[in-house]
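1. got a sequence here, can you build the structure:
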Amino acid sequence: VLFLHGLGDTGHGWSDAMAMLAKGLPHVKFILPTAAPMPITLNMGMRMPAWYDIKSLARVSGDSADGIDNSRDRIMALIEKEVGDLVLRPAFAFAPETANVPLLMCHGEADPVVRFEFGKMSKEKLAESGVKDIEFHSYPDMEHGACMEELDDVTKWLQRVIPDTQS
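-> Here you go, the predicted model:
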């Protein structure tokens, strides 16, 4: 499982949560990279770990993800280093063959940073693009972060989509 943290965070910042998930998934390797620091327009140019520049938390437009190509290349290099050039490569460029790749989306309904409606809109856009297996969970009291119920849901979902074939 390649886990990508959010803006300003680090892979290490999620290590305890991922260690908890890993207990229920002993057959799965968790990789927690940290994005390179870059100036973030939204935060007045302050440098922080980010996968791409965020210009606004309003509706996303085509020019609102500067740096995403560099991050994609870094993530692809990490995948090749960790697991080799497996079937994962197509998952980074949406194509018909990736339509059946299962996707879990989780969002707090009380998130004051990334509005809940944007999470729902993202799911709808992915479905319109042809993604077929989207599971969306919402958490009424969760703000911009994670909660135990969400981590439990992620563990159950991963156990279902990455079963232990050795047991």
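2. just the C-alphas of the helix-or-strand element of the chain with minimal mean pLDDT, formatted as PDB.
-> When the helices and strands of the chain are scored by mean pLDDT, DSSP states H and E, helix 68-83 comes last with a mean of 83. Extracted C-alpha coordinates of helix 68-83, given in PDB (Å, rounded to 0.1, in the frame of the first residue of the first chain):
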ATOM      1  CA  ILE A  68       1.700  17.100 -10.100                       C
ATOM      2  CA  ASP A  69       3.700  15.700 -13.100                       C
ATOM      3  CA  ASN A  70       6.900  15.700 -11.000                       C
ATOM      4  CA  SER A  71       5.200  14.000  -8.100                       C
ATOM      5  CA  ARG A  72       3.700  11.400 -10.500                       C
ATOM      6  CA  ASP A  73       7.300  10.700 -11.800                       C
ATOM      7  CA  ARG A  74       8.600  10.400  -8.200                       C
ATOM      8  CA  ILE A  75       5.800   8.100  -7.200                       C
ATOM      9  CA  MET A  76       6.300   5.900 -10.300                       C
ATOM     10  CA  ALA A  77      10.100   5.700  -9.500                       C
ATOM     11  CA  LEU A  78       9.200   4.700  -5.900                       C
ATOM     12  CA  ILE A  79       6.800   2.000  -7.100                       C
ATOM     13  CA  GLU A  80       9.400   0.600  -9.500                       C
ATOM     14  CA  LYS A  81      12.000   0.500  -6.700                       C
ATOM     15  CA  GLU A  82       9.700  -1.100  -4.200                       C
ATOM     16  CA  VAL A  83       7.700  -3.600  -6.200                       C
END
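3. just checking, Met121 is part of a helix?
-> Yes - counting by DSSP: H, G, I helix; E, B strand; the rest coil, Met121 is found in a helix.
4. from Phe3, how far out is it?
-> Shown here: Met121 relative to Phe3, a distance of 23 Å by C-beta to C-beta, to the nearest Å. (C-beta placed from N, C-alpha, C; glycine too.)
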